[in-house]
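Engineer: quick check, what structure comes out for this input:
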Amino acid sequence: MSTRRGYPSDLTDAQWALIEPLLPEPNTDGRREKHPRREIVNAILYVVRSGCPWRFLPADLPPWQTVYWYFTRWEEAGVTEKLMHTLRLKARVQQGRDPQPSAGIIDSQSVKGADTVGRDSRGYDAGKKINGRKRFIVTDTLGLLVTVTVLAASWQDRDGAKTALLSAYLATPIRHVFADQGFTGRLVDWARDILRTTVEIVRKPTDQRGFAVHPRRWVVERTLAWFTNCRRLARDYERHPEVSEAIIRWAAIAGMTRRITLGQPARRQPRRTFTWR
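Structural biologist: Here you go, the predicted model:
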């Protein structure tokens with residue numbers, strides 16, 4: 001066996017040190033785990049970043065069946081939510097902010113759906129002329145993901161946003177949310193009456209011509225742009241919306257670990273490769 005440098009999506013030693021303590025303990029009543037947890041996480045991030053199907057994982061990573069088993073099991077157990085929550089707290093404290101956000105930003109993004117997306121969970125966004133799904137995300141004012149909801153693209157912003165706002169309300173003390181003009185109307189009243197949350201609509205200046213950066217809007221738009229840099233999120237390939245949400249959470253986890261460890265040595269563990277005989 002020989003060694004080589006890992007894939008660009010691999011975790012550095014510093015990034016793995018953030019994630020490892022947050023993973024569930026291995027089972028002690030069964031057989032010993034064959035593949036290191038770090039390699040399992042590296043394989044998940046490889047799929048997220050490269051966009052390859054699970055079955056196309058490189059041979060020097062753990063088998064795709066094993067990787068997908070951990071992916072689904074951790075998602076069902078709430079491990080990815082816990083990872084995202086804890087890393088967001090660390091990133092906020094590192095930036096000199098309170099651990100928990102009090103204000104957030106909501107936005108939506110329509111993406112084309114692949115052939116694997118079923119009819120029951122896809123729709124047509126007439127405004128964007130996109131057949132697929134719509135992602136609703138809530139971030140804090142730093143652009144760190146708080147919650148994500150994936151629905152058919154035919155959902156109106158003001159209706160689909162309710163689930164995302166409710167999740168943010170239950171997970172954080174966010175009580176003030178900035179939104180664009182697509183969220184005007186009954187959503188503002190619903191959030192005020194049901195969630196005791198203020199939704200502030202950030203409107204374009206009346207004299208604006210062309211593109212302009214809005215301080216309360218570009219943060220969440222930047223986060224959505226970061227997500228689509230992950231090829232698995234360039235469009236929606238997942239059969240179930242819940243899997244799409246999990247992929248987005250892993251993209252957020254990868255981004256937060258990079259943010260927290262920025263400036264630290266990018267040492268990655270050597271990886272084994274096969275040598276032909």
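
Engineer: hey, let's count contacts and neighbours off CA atoms from now on
Structural biologist: Fine.

Engineer: do you have the helices of the chain handy? List them.
Structural biologist: Secondary structure of the chain (DSSP state H): helices located at 13-19, 37-50, 64-76, 79-94, 157-171, 186-190, 218-228, 241-260.

Engineer: let me have those in TSV, adding distance to Lys204 as columns.
Structural biologist: What follows is these, written out as TSV (distance: least, C-alpha to C-alpha, whole Å):
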stretch	distance to Lys204
helix 13-19	39
helix 37-50	34
helix 64-76	39
helix 79-94	29
helix 157-171	18
helix 186-190	18
helix 218-228	13
helix 241-260	28
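
Engineer: format those as JSON lines; extra columns: distance to Asp115 and mean neighbour count.
Structural biologist: Listed next are the helices of the chain as JSON lines, based on distance: least, C-alpha to C-alpha, whole Å; neighbours: other C-alpha atoms under 10 Å:
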{"stretch": "helix 13-19", "distance to Asp115": "34", "mean neighbour count": "17"}
{"stretch": "helix 37-50", "distance to Asp115": "18", "mean neighbour count": "21"}
{"stretch": "helix 64-76", "distance to Asp115": "20", "mean neighbour count": "16"}
{"stretch": "helix 79-94", "distance to Asp115": "27", "mean neighbour count": "19"}
{"stretch": "helix 157-171", "distance to Asp115": "23", "mean neighbour count": "18"}
{"stretch": "helix 186-190", "distance to Asp115": "32", "mean neighbour count": "16"}
{"stretch": "helix 218-228", "distance to Asp115": "19", "mean neighbour count": "17"}
{"stretch": "helix 241-260", "distance to Asp115": "14", "mean neighbour count": "21"}
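
Engineer: which stretch among those helices comes nearest Ile105?
Structural biologist: helix 218-228 (6.4 Å; C-alpha to C-alpha).

Engineer: follow-up on the earlier one: nearest to Asn131, out of the helices of the chain?
Structural biologist: Proximity to Asn131 (C-alpha to C-alpha) singles out helix 241-260 among those, at 14.6 Å.

Engineer: which residues are contacting that closest one?
Structural biologist: Helix 241-260 has contacts (C-alpha atoms under 8 Å, 6 or more residues apart in numbering) with 15, 18, 45, 48-49, 75, 80-81, 83-84, 87-88, 90-91, 94, 121, 144-145, 148-151, 227, 230, 232-233, 236-238.

Engineer: one more time with 6 Å, if that's ok
Structural biologist: 15, 84, 91, 150, 238 (C-alpha atoms under 6 Å, 6 or more residues apart in numbering).

Engineer: could you measure from the closest residue in space to Ser121 that isn't next to it in sequence over to Gly160?
Structural biologist: If you skip the residues right next to it in sequence, Ser121 has Ala152 as its closest partner in space, 5.2 Å away by C-alpha to C-alpha, 6 or more residues apart in numbering. For Ala152, the distance to Gly160 equals 9 Å [C-alpha to C-alpha, to the nearest Å].

Engineer: ok, now Arg203?
Structural biologist: 20 Å.

Engineer: so Arg158 sits against Phe183, correct?
Structural biologist: Yes: assessed by C-alpha atoms under 6 Å, Arg158 is found in contact with Phe183 at 4.7 Å.

Engineer: how close does the closest residue in space to Arg175 that isn't next to it in sequence get to Leu142?
Structural biologist: Using C-alpha to C-alpha, 6+ apart and skipping residues adjacent in sequence, the residue nearest Arg175 is Thr197, 4.4 Å away. Computed as C-alpha to C-alpha, the Thr197 to Leu142 distance reads 19 Å.

Engineer: low-confidence bits of the stretch 1-150 of the chain, can you list those?
Structural biologist: Where the stretch 1-150 of the chain drops to pLDDT under 70, the residues are 1-5, 28-30.

Engineer: how about residues contacting stretch 104-120?
Structural biologist: 130-141, 153, 177-179, 235-239.
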